[in-house]
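Peer 1: I'd like to go over a predicted model; first the sequence, then the structure.
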Amino acid sequence: MKKITATLMLAIGLSSYAQQQNYTEQDSLRGSITPERSWWDLNFYNLSVEVKPDEKFISGSNIIRYTVLEERQRLQVDLQPPLIIEKITQEGENLEWESNGNAHFVTLKKPQLKGEINEIKVYYSGHPKEAVRAPWDGGFSWKKDNNGKHFVATSCQGLGASIWWPNKDHMYDEVDSMAINITTPKDLMDVSNGRLLKVVEKKDSKTYHWYVSNPINNYGVNINLGDYVHFGETYNGENGPLTMDYYVLRDNEEKAKEQFKQAPMMMEAFEYWFGPYPFYEDGYKLVEVPYLGMEHQSSVTYGNKYGNGYLGKDLSKSGWGLKFDFILIHESGHEWFANNITYKDIADMWVHEGFTAYSENLYVDYHFGKKASSDYVLGTRSSIQNDVPIIGTYNVNQKGSGDMYSKGANVLHTIRQLVDDDEKWRTILRGLNKEFYHRTVTTKQIEDYISSSSGIDLSRFFDQYLRTVKIPILEYQVKGKKLRYRYTNIIKGFEMPVKISINGTQDWVYPTSGWQSKSFKKDILSVDVDNNFYVDYKKI
């Protein structure tokens with residue numbers, strides 16, 4: 001095993017930034033596995049919602065089916081105001097509950113015997129929170145299309161799915177499958193997750209019955225209402241035929257048919273790098289929405305105005321960012337990292353966003369070559385702030401720095417250089433999606449897997465880049481034929497080899513915190529550090 005770190009130590013404690021935050025009881029009720037959550041394991045949701053766009057009003061119910069792990073009588077369900085719970089039942093009998101902000105504690109009458117599968121039904125209604133700046137400040141987006149028809153969508157990552165439906169709103173526990181039944185005005189279509197089983201028509205409404213066969217995280221569940229048209233194709237993927245369906249506003253059909261040619265290109269690249277699409281049973285969908293887009297599982301939402309880049313901009317400033325549709329590629333990448341592999345705590349959100357930002361780079365690599373992909377990912381470094389650590393505060397629903405995107409991608413790009421074997425690196429990425437298939441994870445599980453599979457002890461590497469804002473500085477001196485070098489701005493025990501070029505010839509050096517030296521046959525006229533390693537450097 002290559003030795004990158006001196007010792008395996010406990011993760012660095014909370015940053016001074018995190019320590020200064022004032023967290024509330026509501027933060028803990030939302031972000032921790034409370035006693036009222038821990039004793040039951042989710043199996044199935046049966047969510048039914050009627051949406052009334054004219055009134056910006058919803059009403060419905062959710063059946064929550066679970067397995068009893070411990071014999072207790074008090075259960076936590078989450079639903080955020082201004083929505084209200086109307087009643088809760090078990091086996092047709094009304095239950096009592098107490099509310100503490102967003103958390104509602106239900107007293108169960110039926111004995112909860114270990115190993116039993118039970119269910120409760122929660123009835124609710126109200127005017128849900130309206131999204132302010134979806135998807136970042138989410139909720140319901142109540143818009144209209146150019147023809148004056150309602151155009152409605154939900155988004156809720158971070159904010160929590162309980163902003164629009166009652167559930168066990170913590171990421172550690174996912175249902176095994178889910179039914180989603182959405183009633184809309186008769187002139188609109190609903191597109192949600194999974195496969196459409198049937199549409200039931202009444203005089204003034206339609207109810208769309210969707211079924212998700214795979215485990216799904218709470219924020220991945222969505223409602224999308226619009227005057228949609230549908231087209232699709234079948235992709236011959238690693239696990240056989242995969243349906244790829246597209247739902248777009250009527251006026252945008254022709255533009256979508258052209259722009260969405262990138263969807264099978266995405267699937268080809270990501271199946272190569274990450275392994276089979278994780279939800280063949282539910283298919284893949286792209287759905288137009290009135291906001292930028294989001295990674296809703298098997299119902300990826302899209303609002304990038306049918307152009308390349310990020311709303312026409314190249315976030316990398318390398319030129320390569322205009323070669324693909326950022327939202328189509330990025331949000332689809334989340335099917336592997338977010339929807340297949342899902343964080344247990346939002347403090348580890350980098351597992352979603354770092355890997356998916358890196359997926360953009362791998363898409364470029366697959367279709368345009370390794371040099372192009374390097375230029376792209378290095379170009380995104382200009383957006384890194386190094387303000388607070390990537391890893392957030394646990395158990396209070398607190399994510400880390402927004403650097404988790406570009407810094408996360410550059411951290412992974414650096415590991416690729418350390419592995420120094422692209423086929424092995426590809427095997428590691430595919431192995432992650434196989435090992436943690438349909439699972440919720442901690443960052444430690446991901447870190448340990450990469451260390452073990454690469455044969456490189458990366459524990460202090462991850463501590464340096466994920467848990468501090470320090471970027472290693474490679475200091476060097478040149479004296480004739482001798483090169484002296486060391487790292488500064490590092491945590492104790494950090495060591496990492498790096499490639500340099502001496503007089504145009506590439507070589508490896510192995511810096512630590514102490515001065516080291518290496519002699520060469522000729523006088524050293526030039527020293528260049530390989531920029532693919534995420535380090536700063538200076539001659540002193």
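Peer 2: All right, it came through fine. Note that the structure is a prediction, hence the values are computed from the model and not measured.

Peer 1: In CSV, list the C-alpha atoms belonging to stretch 274-281.
Peer 2: Coordinates of each C-alpha in stretch 274-281 appear next as CSV, following Å, rounded to 0.1, in the frame of the first residue of the first chain:
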residue,chain,number,x,y,z
PHE,A,274,-19.8,4.5,-13.1
GLY,A,275,-21.4,1.2,-14.1
PRO,A,276,-25.0,0.5,-15.1
TYR,A,277,-27.7,3.1,-14.7
PRO,A,278,-29.0,2.3,-11.2
PHE,A,279,-32.8,2.3,-11.9
TYR,A,280,-33.5,0.3,-15.0
GLU,A,281,-36.8,-0.9,-13.5
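
Peer 1: can you list contacts of that stretch?
Peer 2: Residues from elsewhere that reach stretch 274-281, judged by Cβ atoms under 8 Å, 6 or more residues apart in numbering: 195, 213-214, 237-240, 242, 267, 270-271, 284, 297-298, 335-337, 339-340, 359, 429-430, 432-434, 437-438. C-beta: built from backbone N, CA, C; applies to glycine.

Peer 1: Spell out the residue ranges of the helices in the stretch 301-450 of the chain.
Peer 2: 326-333, 350-368, 370-379, 406-419, 422-435, 443-454 (DSSP state H, counting those that start in this stretch).

Peer 1: Would you mind putting those into a markdown table with mean pLDDT and distance to residue 44 alongside?
Peer 2: Converted to a markdown table, the helices of the stretch 301-450 of the chain look like this (pLDDT from 0 to 100; distance: least, Cβ to Cβ, whole Å):
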| stretch | mean pLDDT | distance to residue 44 |
| --- | --- | --- |
| helix 326-333 | 98 | 26 |
| helix 350-368 | 98 | 24 |
| helix 370-379 | 98 | 40 |
| helix 406-419 | 98 | 33 |
| helix 422-435 | 98 | 24 |
| helix 443-454 | 98 | 26 |
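
Peer 1: In this structure residue 253 contacts residue 229, no?
Peer 2: Yes. With contact defined as Cβ atoms under 8 Å, residue 253 reaches residue 229; the gap is 5.1 Å.

Peer 1: picking up where we left off before, right, so of the helices of the stretch 301-450 of the chain, which gets closest to residue 175?
Peer 2: Proximity to residue 175 (Cβ to Cβ) singles out helix 350-368 among the helices of the stretch 301-450 of the chain, at 18.8 Å.

Peer 1: Can you find the helix or strand of the protein with the lowest average pLDDT?
Peer 2: When the helices and strands of the chain are compared on mean pLDDT, DSSP states H and E, strand 2-3 comes out lowest with a mean of 32.

Peer 1: if we can go back for a sec, apply the buried test to the contacts of stretch 274-281 and list what passes.
Peer 2: 195, 213-214, 237, 242, 267, 270-271, 284, 297-298, 335-337, 339-340, 359, 429-430, 432-433, 438 (16 or more other Cβ atoms under 10 Å).

Peer 1: tell me how far stretch 342-358 is from the chain's mean position?
Peer 2: Centroid separation for stretch 342-358 versus its chain: 5 Å, with Cα atoms, centre = their mean, to the nearest Å.

Peer 1: hey, C-alpha coordinates of that stretch in PDB?
Peer 2: Only the C-alpha atoms of stretch 342-358 are listed here, as PDB (Å, rounded to 0.1, in the frame of the first residue of the first chain):
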ATOM      1  CA  THR A 342     -27.100   8.700  -0.900                       C
ATOM      2  CA  TYR A 343     -25.600  10.500   2.100                       C
ATOM      3  CA  LYS A 344     -27.000   9.700   5.500                       C
ATOM      4  CA  ASP A 345     -26.400  13.200   6.800                       C
ATOM      5  CA  ILE A 346     -26.400  16.400   4.700                       C
ATOM      6  CA  ALA A 347     -23.100  17.200   6.400                       C
ATOM      7  CA  ASP A 348     -21.600  14.700   3.900                       C
ATOM      8  CA  MET A 349     -23.300  16.400   0.900                       C
ATOM      9  CA  TRP A 350     -20.000  16.400  -0.900                       C
ATOM     10  CA  VAL A 351     -20.600  12.700  -1.700                       C
ATOM     11  CA  HIS A 352     -23.400  13.900  -3.900                       C
ATOM     12  CA  GLU A 353     -22.000  17.200  -5.300                       C
ATOM     13  CA  GLY A 354     -18.300  16.500  -5.400                       C
ATOM     14  CA  PHE A 355     -18.700  13.300  -7.400                       C
ATOM     15  CA  THR A 356     -21.400  14.700  -9.600                       C
ATOM     16  CA  ALA A 357     -19.300  17.900 -10.400                       C
ATOM     17  CA  TYR A 358     -16.600  15.500 -11.200                       C
END
